[in-house]
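J.: pasting a predicted model and its sequence here:
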Amino acid sequence: MAQTLLDKVWDAHTVRTLPSGQTQLLIGLHLIHEVTTPQAFQMLRDSKLKVRMPERTFGTLDHIIPTTDQARPYADPLAEEMAVHMIRNMKDFSLPLFDMSTGKQGIVHVIGPELGLSQPGMTIACGDSHTSTHGAVGAIAFGIGTTQVRDVLATQCLSMAKPKLRQVRVEGALAKGVYAKDVILAIINQLGVKGGVGYAYEYAGPVIDRMTMEERLTVCNMSIEGAARFGYVNPDTTTIDYLRGRQYAPAGAAFDKAATWWKSVATEPGASFDDVARLDGSAIEPMVTWGINPGMSVGVSQRIPAPESAPEADRSTFREALAHMSFQAGQPIKGAKVDVAFVGSCTNGRLSDLRIAAEVAKKGKVAKTVRALIVPGSQQVAKAAEAEGLHEIFQAAGFEWRKAGCSMCLGMNPDQLVGREMSASSSNRNFIGRQGSPTGRTLLMSPAMVAAAAITGAVADVREILK
Amino acid sequence: MSTVDFKRRQIAGRGIPLPGNDIDTDRIIPARFLKEVTFTTMGEHAFEDAKKQNPEHPFNSPAYRGASVLVVGQNFGCGSSREHAPQALMRWGIAAIVGGSFGEIFFGNCVMLGIPCLCASQEDLEWLQREISRSPQSPVSVDVEKQEVRFGNRTIKATIPDGPRNQLVGGTWDSTAVLLEAGAAIETTARKLPYVAGF
């Protein structure tokens, strides 16, 4: 019977079936950061356990670090304490840490693929829900909690149940000014923020096939926002070309052998899925969220829907969203005033994202009422962008050019909204309080749309600016 | 009881209803409280911003103080993988959760802490939330083994997948020891993978 990538990778990593009926699944790559690991290391110490396969865990600093002055000690003593613990834990357990001095530091989901650590056919776990990002290279990659981080450190395994598999097909072709971010926002809008419960997503179809690796990383990144445990794209020549020459990818003759194996893990023709969903890629326009979860979105030409358009059970959340955002049902999303513009995060902090934003930034100057931040996803992204002069384009247009980190995605570092500020953001979550201010407001959109909002001072249609 | 019992067959305690769908883990515990190298303070910050913004929030109500069975809506605990969220609920006093559906990572984190999350129908959840708010002092009994929740004279169906149910009922949810029992099979499995063995 034709097998899916999920079947093949799951079987290859199955150590045994546990008495509970769960699978004991081997984890091929474990990525860690400073926020969700200190308690796990303490649990190891308390139980006198060692790291089972230290060569399979890599760490970075991303969530708590400032993006202006990154000299230690950090101004925030709590952030400094977390950095101290991370550095000490990595040293005590002999694990590699990509800190600022390495030139390879960055957001964990940016550096994994960038360094060639994340490869097709792997199982990848990290104490962070956006680990689904790494599925773009053809891996089974998912977020875990801190006690599970302890299990991976101590046993290199997790106790897991295999999810059902839904193929999400994006047919047709994208119009100009429509990007990977718009595709994933449209998918979540159509399938719902609860639609993926119990499922993993295999993204497929001509739109996905034509995407670059960086675009696929953006799509897979937000799988979790649609409640899918993980999402992946089958490895193909795009995947292989992307991995060639990367630091941790095999080299020479080994690369060709690896490429053969990588292709062999892809879903076979005729394989069956528990469900198939289809979207017409040609019908997608630039998307903007108007509410308090990533499924509450509309195309930029559309109006904010009325609560009555939602299922009965979701209407209270819908009303809460309108109240929090100070929006009226029926109001066009275009023209909504913004105070902050943020390009960055594990969703959209890669070189191609910065290039698109810079193209828009060339068309104008940041509006006087807007503070605009460009935050590269890693030190390597920053270096490559600077080599192309992107930072100068941004600075000339009035954007701040920052250092690599999670920044304004999640309110754990100095980059935060203040009060009721409205943010146009290329990040992944518009939850209440997500960007640091309990009353702050977030509009999710593509980096091009963020740059357009920055120079317009309000939600704008980037297609009109790029015309 | 003097010895620690890891078996989670039945959990009984007073209930606390929390209506609404898609309540995310940022809402349960805002990120600024994650700047902590232990979990010890998490209980104090459960729903901190939501409580401030809404005086009627159930976690503000003295009637529900001491409750241990949380009754929620659909997709509870969606979003961030932060274990700080179930840690905050557990340290506040929650020992079992009944809802429509759960964020998958949140559900897994709850299992790791020995907190059963059971799924009931929308109609039964609304009934249970209404009844608890009418008599907050009455006990809710969560039977993980039989997949039932009892309140007053009525019993509703509440399901949990076999794997986690077996872990919770059997007391094997703290999984490190179970995983270590595989012994050398872990390395054997690893060596069969071309990316571990070398291409």
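T.: Now that the structure is in, tell me what you want to look at. Residues are numbered from 1 along each chain as shown, chains lettered A, B, ... in the order given.
J.: assign the closest residue to A:Thr57 other than its chain neighbours to helix, strand or coil.
T.: In space, not counting the residues next to it along the chain, A:Thr57 is nearest to A:His30; the distance is 4.3 Å by C-beta to C-beta, 6 or more residues apart in numbering or on different chains. (Each C-beta comes from the backbone N, C-alpha and C, glycine too.) Assigned state for A:His30: strand (three-state reduction, DSSP: H, G, I helix; E, B strand; the rest coil).
J.: and the pLDDT for A:His30?
T.: pLDDT, A:His30: 98.
J.: I figured it hits A:Ala125, correct?
T.: Yes: in this structure, A:His30 is within contact of A:Ala125 by C-beta atoms under 8 Å, at 5.7 Å.
J.: so does the strand ranked longest in chain B get close to chain A?
T.: When chain B is parsed with DSSP state E, its longest strand is strand B:10-17. No: counting by C-beta under 8 Å from any C-beta of the partner chain, chain A has no neighbours in strand B:10-17; the shortest distance is 13.5 Å.
J.: now what about that strand, what contacts it?
T.: Under the contact criterion C-beta atoms under 8 Å, 6 or more residues apart in numbering or on different chains, strand B:10-17 has outside partners B:58-59, B:64, B:66-71, B:94-96, B:116, B:128-130, B:132-133, B:136-145, B:151.
J.: which ones are touching the closest residue to A:Val170 other than its chain neighbours?
T.: Across the structure, with C-beta to C-beta, 6+ apart as the measure, the residue nearest A:Val170 apart from its sequence neighbours is A:Val207 (3.8 Å). When contacts are counted by C-beta under 8 Å, 6+ apart, A:Val207 touches A:170-174, A:183, A:281.
J.: likewise for A:His13?
T.: Residues counted as contacts of A:His13 (C-beta under 8 Å, 6+ apart) are A:25-28, A:123, A:140, B:189, B:193.
J.: repeat for A:Ala40
T.: The contact partners of A:Ala40, by C-beta under 8 Å, 6+ apart, come to A:127, A:146-147, A:149-150, A:153.
J.: wasn't it part of a helix?
T.: Yes: under three-state DSSP, A:Ala40 sits within a helix.
J.: what does the stretch 251-400 of chain A have sitting close to chain B?
T.: Counting by C-beta under 8 Å from any C-beta, the residues of the stretch 251-400 of chain A lying close to chain B are A:254-255, A:257-258, A:261, A:293, A:313-314, A:316-317, A:320.
J.: coming back round to it: using the three-state scheme, assign the residue nearest to A:Val170.
T.: Of the three states, A:Val207 takes helix according to three-state DSSP.
J.: distance check, it against A:Thr218.
T.: Distance check for A:Val207 against A:Thr218: by C-beta to C-beta, to the nearest Å, it reads 13 Å.
J.: give me the residues contacting stretch A:308-318.
T.: Outside stretch A:308-318, the residues that reach it (C-beta under 8 Å, 6+ apart) are A:291-293, A:296, A:307, B:19-22, B:73-74, B:122.
J.: which of the residues you listed are buried? Put it as a PyMOL command.
T.: Under the burial definition 16 or more other C-beta atoms under 10 Å in any protein chain shown, those of these that qualify are selected in PyMOL by:
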select buried, (chain A and resi 291+292+293+296+307) or (chain B and resi 20+21+22+73+74)
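J.: tell me the buried residues in the strand ranked longest in chain A?
T.: With residue count as the measure and DSSP E as the assignment, chain A has strand A:164-171 as its longest strand. Counting neighbours by 16+ other C-beta under 10 Å, one finds that the buried residues in strand A:164-171 are A:165-170.
J.: what mean pLDDT does it have?
T.: 98.
J.: and if you look at stretch B:31-45?
T.: The pLDDT scores in stretch B:31-45 average 95.
J.: may I have the distance across that stretch, first residue to last?
T.: Its first and final residues considered, stretch B:31-45 spans 11 Å by C-alpha to C-alpha, to the nearest Å.
J.: could you give the separation of it from the chain centroid?
T.: Put simply, stretch B:31-45 sits 17 Å off its chain's centre (C-alpha atoms, centre = their mean, to the nearest Å).
J.: and the strands in chain B, which stretches?
T.: For chain B, applying DSSP E gives strands covering B:10-17, B:69-71, B:96-99, B:117-119, B:139-143, B:148-151, B:154-157.
J.: quick one: contacts of the helix or strand harbouring A:Ala452?
T.: Under the criterion of DSSP states H and E, A:Ala452 resides in helix A:447-456. Contacting residues not belonging to helix A:447-456 are listed as A:177, A:179, A:181, A:286, A:288, A:300, A:338, A:341-343, A:348, A:353-354, A:356-361, A:363-367, A:370, A:372, A:397, A:399, A:424-426, A:443, A:445, A:459-462, A:465-466 [C-beta under 8 Å, 6+ apart].
J.: one more time with 7 Å, if that's ok
T.: Under the criterion C-beta atoms under 7 Å, 6 or more residues apart in numbering or on different chains, residues A:177, A:179, A:286, A:288, A:338, A:341-343, A:348, A:353, A:356-357, A:360-361, A:363-367, A:370, A:372, A:399, A:424-426, A:459-460, A:462, A:465 lie in contact with helix A:447-456.
J.: run through the residues that contact the nearest residue to B:Pro194 once chain neighbours are set aside.
T.: Using C-beta to C-beta, 6+ apart and skipping residues adjacent in sequence, the residue nearest B:Pro194 is A:Trp261, 5.1 Å away. Taking C-beta under 7 Å, 6+ apart as the definition of contact, the neighbours of A:Trp261 are A:121, B:194, B:199.
J.: compare the residues you listed and tell me which is most surrounded.
T.: Comparing the contacts of A:Trp261 on neighbour count, A:Gly121 comes out first with 25 neighbours (neighbours: other C-beta atoms under 10 Å in any protein chain shown).
J.: so what's that one up against?
T.: Contacts for A:Gly121 were tallied using C-beta under 7 Å, 6+ apart; they are A:9, A:138-139, A:261-262, A:265, B:195.
J.: out of those, who's the most crowded?
T.: Note: the member of those with the most neighbours is A:Ala139, at 31 neighbours, neighbours being other C-beta under 10 Å.
J.: output the longest helix belonging to chain B.
T.: Of all the segments of type helix in chain B, defined by DSSP state H, the longest one is helix B:122-134.
J.: show me the domain layout of chain A.
T.: Listed by automatic domain parsing, the domain ranges of chain A are A:5-160, A:164-240+A:261-283, A:287-465.
J.: pull the distance from the last one to the chain's centre.
T.: Read that as domain A:287-465. Taking C-alpha atoms, centre = their mean, one finds the center of domain A:287-465 at 15 Å from the center of the full chain.
J.: now do the second one
T.: For domain A:164-240+A:261-283, the separation from the chain centroid amounts to 14 Å (computed by C-alpha atoms, centre = their mean).
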